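1. Here is the input, now give the coordinates:
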Amino acid sequence: MSTFAEQLKNEIARIAKKEIRAETKTLKSVASQQRAEMVTLKRRVAELETSIKRLSKAQAAPDQSPAKAEGVSLRFRAAGFASLRQKLELTAAQMAQLLGVSPQSVYHWEMGKSRPRASQLPAIAAVRKLGKKQVAERLSA
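-> Predicted coordinates:
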């Protein structure tokens, strides 16, 4: 049989565990609330960082564009670029050589997979003004 001392010891341990459970329950709920707050704050910080990047790119883009500095707005259409190349009877490699880009870039522009940079638009506009003979001269030089 168990002694009185053992029963007292077991009862004290049981009550202590019960008290600890009650205390840790409140601590766990506070910790979970703080974790949820941190997640929302991290998400908000990420959104703000992306909006800052977007705004800084929007401010920097007009300053970098040579066409905008001249006051002329240059536009680009994939179909128009492809028809220009066909009109001048050029291969993608020859068009790339004229513009100073890779043939793969010309292909992607024509397919609409990408767009030329703002710095490349003036070169494309210059090629639009050339005739077949002028293009042949430039390619041979």
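2. how about stretch 117-125: buried residues?
-> Ala118, Gln120, Leu121, Ile124 (16 or more other Cβ atoms under 10 Å). (C-beta placed from N, C-alpha, C; glycine too.)
3. ends of it, how far apart?
-> The first and last residues of stretch 117-125 sit 13 Å apart, counting by Cα to Cα, to the nearest Å.
4. chain center to it, what's the gap?
-> 22 Å (Cα atoms, centre = their mean, to the nearest Å).
5. Below-threshold pLDDT in the chain: ranges please.
-> Residue ranges of the chain with pLDDT under 70: 1, 61-72.
6. ranges for the helices of it?
-> 4-64, 66-70, 78-87, 92-99, 103-111, 121-128, 132-140 (DSSP state H).
7. Quickly note the distance from the closest residue in space to Ala123 that isn't next to it in sequence to Gly80.
-> Counting by Cβ to Cβ, 6 or more residues apart in numbering, Ala123 lies nearest to Leu99, which is 5.0 Å off, once chain neighbours are set aside. Plainly put, Leu99 is 15 Å away from Gly80 if you go by Cβ to Cβ, to the nearest Å.
8. Which one's more surrounded, the two?
-> Per other Cβ atoms under 10 Å, whichever of Leu99 and Gly80 has more neighbours is Leu99, with 17 against 13.
9. show me what contacts Asn94?
-> Not Asn; residue 94 is Gln. For Gln94, the contact set (Cβ atoms under 8 Å, 6 or more residues apart in numbering) comprises Leu139.
10. change it to 10 Å
-> Residues near Gln94 by Cβ atoms under 10 Å, 6 or more residues apart in numbering: Arg85, Leu88, Pro103, Val106, Val135, Ala136, Arg138, Leu139.
11. From these, pick the one nearest Lys42.
-> Val106 (42.7 Å; Cβ to Cβ).
12. That closest one reaches Phe81, doesn't it?
-> Yes. Val106 lies in contact with Phe81 (Cβ atoms under 10 Å); the separation is 8.1 Å.
13. If anything else comes up later, I'll come back, but that's it for now.
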